[in-house]
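prediction below, plus the sequence it came from.
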Amino acid sequence: MKEYFSKISDYLFNSLNKTEVLILNFDAEVTDFIRLNKSLIRQAGNVTQIGIHITLIIKNKTLKSSIRLSSNFEKDSIILLRTLYFLRREISELPNDPYLMYEKTTHSSNLINSTNLDSFAITDNILMRFRSVDMVGILSIGKIIKGFSNSLGQFNWHESESFNFDWSLYSSNGKAVKNNYADGKWNDSFFSNLAEESIRQLEVVDNHEIKLEPGKYKVYLSPSALNEVIDMMSWGGFSYKANRVGSSPLYQMFKGNQSFDESVNFTENLANGIAPMFHSDGFVKPEKTNLILNGVYKNSLVSPRSALEYSVKHNAAEYYESPVSIELDIGPLNSENLLSELNSGIYINNLWYLNFSDRNNGRITGLTRFGCFEVKNGEFTGPINTMRFDETLHNIFGEKLVGLTNNQQLIIDTSTYEERSSHSSKIPGAVVDDFSLTL
């Protein structure tokens, strides 16, 4: 596909007038999807798709278009040229873009991260591990490809291979526990531990349901549950513009009025190679950006447009200014003895329906979901009823944080709207005291 994108780029760039600049963003994937039910394959298929986003710039005006490609050059070249003519015709009707900014210095790159994942071998491994239980899940596996080129001579290519297995185990009474395994390489030992953990929880999920009263509890938030909290926090939390206009859930930290526990370190870390290290307008992203360091707000994600608007330097963040590869450092709690660390409290494996209850003060709410248990004396006693929580980020990561676990889990976004997502997070679990369960 790299050669095909290069051919398309040359064709369009040779069709430009002297006053025109053209930017191309190439998106493609080659993915196997396997849907499983009752630990059997129910549906298997392959998706191969290619899309391109075309941006025409004339002086201070810009206009964009997106189309799907067939990989047949003779057919695609006609559509591409017609699209260019359309943009050229319509752009004159637009006003100047006051925040137009794109890379004018050439920073080309080429990254191909191929791990030769075997869909058949991985599927066989999954079926073997869960042959004795009722498992429902979906496995996506394959390549995600991103390309950038512009008429100024820059060419960037990013090709990564990964898998994402999202599954639930169901008891005879219809209750479930949920888990996920995603990475660029398959680790049988790691998957076996996750599978065994799910099966152990399944053995408890049919125990008598424990009705919790609203109150404050010591809780363990699994990496999956904590990731839901971090995902909400990232809705503007690290955005420079959101913090400047006061719509960020970390606004109080940005102003210096609040801090997290000194053990908390958040970074935007692109070293795992899942997301590309170049911006959609060609700027090269730093491999690592410290966002919160020793509990203190350190840096925001600053897009080129925000940089122009506020007269600051950008760090090649995308225009939505949210992390694409966030990482939370590990802590001192031994994840292998987690129930003993928790001792007596609530084990929260999954959260959903999160939203802000007081955005400016970092307060969020949501519901417990699959596989949430009461723990007494380091042992599961039974599942809890669905509970709503209402807590602040400053409590979860601040004064109420008992500690973070000493192991992280890579979580790749399972979204497949239009295409597979390349967003990821690397998150440990957390034990939090006085966690508010409200109803």
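Structure's in. What do you need?

which residues in the stretch 101-250 of the chain form strands?
Secondary structure of the stretch 101-250 of the chain, counting by DSSP state E, counting those that start in this stretch: strands at 109-113, 134-150, 155-170, 176-183, 215-221.

what are the buried residues along the fourth one?
Buried residues in strand 176-183, counting neighbours by 16 or more other C-beta atoms under 10 Å, are found at 176-183. Placement of C-beta: from N, CA and C, glycine included.

same check, this time on the last one
Buried residues in strand 215-221, defined by neighbour count with 16+ other C-beta under 10 Å: 217-221.

from those, which is closest to Asn14?
Leu221 (54.8 Å; C-beta to C-beta).

if I look at the closest one, how far off is Ile346?
Leu221 sits 10 Å away from Ile346, going by C-beta to C-beta, to the nearest Å.

am I right that Asn349 is in contact with Phe380?
No. Counting by C-beta atoms under 8 Å, Asn349 stays clear of Phe380, with 11.0 Å between them.

for those two, indicate the residue with more neighbours.
Comparing Asn349 with Phe380 by other C-beta atoms under 10 Å, the one with more neighbours is Asn349, at 23 against 17.

now the more buried one: phi and psi?
Dihedral pair for Asn349: phi -90, psi -20, per degrees, to the nearest 10.

look up the closest residue to it, ignoring the ones flanking it.
Gly371 (3.6 Å; C-beta to C-beta, 6 or more residues apart in numbering).

please identify the helix or strand for the one you found.
Of the helices and strands defined by DSSP states H and E, none includes Gly371.

quick check: Arg420 vs Gly236, distance?
Noted for Arg420: a distance of 25 Å to Gly236, by C-beta to C-beta.

tell me the helices in the protein, going along the chain?
2-13, 73-90, 119-129, 188-205, 223-233, 240-245, 251-254, 304-310, 338-342, 393-394 (DSSP state H).

distance to Ser357, mean neighbour count and mean pLDDT for these - can I get that in a markdown table?
What follows is those, written out as a markdown table (distance: least, C-beta to C-beta, whole Å; neighbours: other C-beta atoms under 10 Å; pLDDT from 0 to 100):
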| stretch | distance to Ser357 | mean neighbour count | mean pLDDT |
| --- | --- | --- | --- |
| helix 2-13 | 45 | 16 | 97 |
| helix 73-90 | 44 | 14 | 96 |
| helix 119-129 | 38 | 16 | 96 |
| helix 188-205 | 29 | 16 | 95 |
| helix 223-233 | 11 | 22 | 97 |
| helix 240-245 | 18 | 20 | 97 |
| helix 251-254 | 15 | 21 | 96 |
| helix 304-310 | 27 | 18 | 96 |
| helix 338-342 | 26 | 17 | 93 |
| helix 393-394 | 12 | 22 | 98 |
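
mind putting the ones you listed into CSV with distance to Ile144?
Formatted as CSV, those follow (distance: least, C-beta to C-beta, whole Å):
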stretch, distance to Ile144
helix 2-13, 14
helix 73-90, 21
helix 119-129, 15
helix 188-205, 21
helix 223-233, 20
helix 240-245, 27
helix 251-254, 32
helix 304-310, 24
helix 338-342, 33
helix 393-394, 30
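
which among those is found nearest to Leu328?
helix 223-233 (6.9 Å).

before we move on, back to that, the strands of the stretch 101-250 of the chain: which one's closest to Asn14?
Closest to Asn14 of these, according to C-beta to C-beta: strand 134-150, at 12.7 Å.

check contacts around Arg68.
If you count contacts by C-beta atoms under 8 Å, 6 or more residues apart in numbering, Arg68 has them with 49-51.

how about Glu341?
220, 333-334, 403, 431.

what do you get if the cut-off is 7 Å, keeping everything else the same?
Going by C-beta atoms under 7 Å, 6 or more residues apart in numbering, Glu341 touches 333-334, 431.

ditto for Tyr347
Here Tyr347 is in contact with 220, 372-373, 375 (C-beta under 7 Å, 6+ apart).

could you report the neighbour count for the residue lying closest to it once chain neighbours are set aside?
Leaving aside its chain neighbours, Tyr347 sits nearest to Phe373 (4.5 Å; criterion: C-beta to C-beta, 6+ apart). Around Phe373 there are 23 other residues, counting by other C-beta under 10 Å.

does Phe373 have beta-bridge partners, and which?
Beta-bridge partners recorded for Phe373 (DSSP bridges): Tyr347, Pro383.

mind listing what it touches?
Taking C-beta under 7 Å, 6+ apart as the test, what Phe373 contacts is 204, 347, 380, 382-384.
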